[in-house]
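Q: Sequence first, predicted coordinates after that:
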Amino acid sequence: MNQKAICTWTISDGKAGHVNQSKALVRGLSKHLNISSKEFILEESFYRSWIEILKIKYYGHRPFPEIVIGTGRRTHLVLVFCKLVFSSKTICIMRPSIPKIWLDLLIVPKHDHVKRAKNVIETEGPLTLIEQAGPKHKDAGLILLGGDSSHYVWDNESLLSQIEEVTKRADDNIRWTLTTSRRTPEKIKKLLTEIEQPNFHYEDVGRVEANWLANELESSQYVWVTPDSISMTYESLSAGCRVGIFNLSKKRESRVTQNQQRLVEEGKIRTLQNKTWQPVQCLNERDRIGKLIATRWPSLTG
C-alpha cells in the first residue's frame, strides 16, 4: 500500500468492550487505508484531557491526528475538542450523548435506533475483533453463558435443563465446551462442575488465557449463547459460527430483547424450538465499515 500513513487516534476510557470496538474499526480501516494508530488515554477529568491535547498541539510532535475514534460516553466531548484543535475527522462508535451534527460520522448498531442522517452508518451489531479465519472443526461446539441483566430473568434450573438438551442430542456428535462470563452466578458454576458427560467440558472464564475465547470461536462450528449478551451473539456470528440462543424470560421489552428476536425471525440465529441450524452467516461489519469510510473520505489519501 503506497498511500501516505493516516494518523489515527482511538480515544480510550479504559473499558474493554469500548477499546475492542475502537480497535476493530482501526483494523477494518487498515484493510483499505494506510493507518498509523495511536491510543489516547482519557484523564479522570475532561479538563485534564483537554490540557493534554493542547500540549500535544503546541508542544508535541507531528503528525497530528487526521481521524479520531471514540467509543463510550466519556469520549464524546473529547472527540469534539479534537475536531476543533486538530481539524480531525471524528468517528463516534455507538449512540452519542451529544448532538449528532457535532460529529463527522456515527457508527451505530441497528438496535440503538438512532435516527437516520447523512453522518450515520448502521451496523448489524457492535464491531468485533473476531473474524472468520481458518477452517471449522465440524464436531466442535461452544456454550457461552452470560449472567443476570436488566433484560432477562436468569434461571439456573431452566438453563441447566436446556444445556442438557443441547449436549445429549445423540444425532449431533458434537463435543461441547462451556465457558462462563464475569456476570455468571456462582451457583450455576458449581452445578456445571458436577456435569459428567463424555462430550462436555467446562472451562471457567477466570482460568483461561485472554485469547482463549477468540481461538475457540474461530475453530468452532456451533455456538449456543444466553440471550442477555449481545456481544457474545455477534462475536459468534462474526466468527462464522452457526448460532443458537437459549430461552430466558424477558424482564421487559428492550432494545436487546427486540434485537435478539429479530435475529431469530431473520434466520440469523436459532432457538431450541428450531430443529435445524441456520446457514452460516457471512458477517464482517468491521471491514465493510472500513471500506465505506475510505470511500466517503477520499481526501485522506491525497
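A: Sure thing, it's come through.
Q: In the sheet, which residues pair with the residue nearest to Arg296 when sequence neighbours are not counted? Tell me.
A: Excluding the flanking residues, the one nearest Arg296 by C-beta to C-beta, 6 or more residues apart in numbering is Leu105, at 7.5 Å. C-beta here means a position set from N, CA and C on the backbone, and glycine is covered the same way. For Leu105, the beta-bridge partners are Ile91 (DSSP bridges).
Q: wouldn't Ile93 be in contact with Lys23 here?
A: No. With contact defined as C-beta atoms under 8 Å, Ile93 does not reach Lys23; the gap is 10.7 Å.
Q: which residues does His137 contact?
A: Applying C-beta atoms under 8 Å, 6 or more residues apart in numbering to His137 gives the contacts Ser219, Ser220, Gln221.
Q: Same list (those) but as JSON lines, adding secondary structure and distance to Leu272.
A: Rendered in JSON lines, the data for those read as follows (DSSP: H, G, I helix; E, B strand; the rest coil; distance: C-beta to C-beta, whole Å):
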{"residue": "Ser219", "secondary structure": "helix", "distance to Leu272": "24"}
{"residue": "Ser220", "secondary structure": "strand", "distance to Leu272": "18"}
{"residue": "Gln221", "secondary structure": "strand", "distance to Leu272": "18"}
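Q: Now which of the residues you listed would you call buried?
A: By neighbour count, with 16 or more other C-beta atoms under 10 Å, these hold Ser219, Ser220, Gln221 as buried.
Q: re the thing from before, residues in contact with the residue nearest to Arg296?
A: Contacts of Leu105 (C-beta under 8 Å, 6+ apart): Lys89, Thr90, Ile91, Cys92, Asn119, Val120, Ile121, Ile293, Arg296.
Q: Drop anything exposed from those.
A: For these, buried by 16+ other C-beta under 10 Å: Lys89, Thr90, Ile91, Cys92, Val120, Ile121, Ile293.
Q: among these, which two are most distant?
A: Lys89 and Val120 (14.9 Å; C-beta to C-beta).
Q: What strand or helix carries the residue nearest to Tyr222 when sequence neighbours are not counted?
A: Nearest residue to Tyr222 in three dimensions, chain neighbours excluded: Gly141, at 4.0 Å (C-beta to C-beta, 6+ apart). Per DSSP states H and E: Gly141 is located in strand 137-144.
Q: what separates that strand from the chain centre, distance-wise?
A: Remark: strand 137-144 is offset 20 Å from the chain centroid, using C-alpha atoms, centre = their mean, to the nearest Å.
Q: Could you tell me what pLDDT the model assigned to Ala170?
A: The model reports Ala170 with a pLDDT of 57.
Q: typed the wrong thing, it's Asn2
A: 59.
Q: Please apply the same query to His18.
A: pLDDT recorded at His18 is 93.
Q: pretty sure it is in a helix, no?
A: Yes. His18: assigned to a helix according to DSSP: H, G, I helix; E, B strand; the rest coil.
Q: pretty sure it contacts Ser12?
A: Yes. Counting by C-beta under 8 Å, His18 does reach Ser12; the two are 7.3 Å apart.
Q: intersection of neighbour lists for these two?
A: Thr75.
Q: secondary structure class for Tyr234?
A: helix.
Q: Tell me, how many residues neighbour it?
A: A count of nearby residues for Tyr234, using other C-beta atoms under 10 Å, gives 25.
Q: and it, what is it in contact with?
A: Tyr234 touches Glu124, Gly125, Pro126, Thr128, Leu283, counting by C-beta under 8 Å, 6+ apart.
Q: possible to save those residues as JSON lines with distance to Arg73, secondary structure and neighbour count?
A: What follows is those, written out as JSON lines (distance: C-beta to C-beta, whole Å; DSSP: H, G, I helix; E, B strand; the rest coil; neighbours: other C-beta atoms under 10 Å):
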{"residue": "Glu124", "distance to Arg73": "23", "secondary structure": "coil", "neighbour count": "19"}
{"residue": "Gly125", "distance to Arg73": "19", "secondary structure": "coil", "neighbour count": "20"}
{"residue": "Pro126", "distance to Arg73": "15", "secondary structure": "coil", "neighbour count": "25"}
{"residue": "Thr128", "distance to Arg73": "20", "secondary structure": "coil", "neighbour count": "25"}
{"residue": "Leu283", "distance to Arg73": "26", "secondary structure": "coil", "neighbour count": "22"}
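Q: Out of the residues you listed, which one has the lowest pLDDT?
A: pLDDT across these is at its lowest for Leu283, which sits at 88.
Q: Give the helix, strand or coil label for the residue nearest to that residue when sequence neighbours are not counted.
A: By the measure of C-beta to C-beta, 6+ apart, the closest residue to Leu283 outside its immediate chain neighbours is Leu237, 4.5 Å from it. Following three-state DSSP, Leu237 is assigned to helix.
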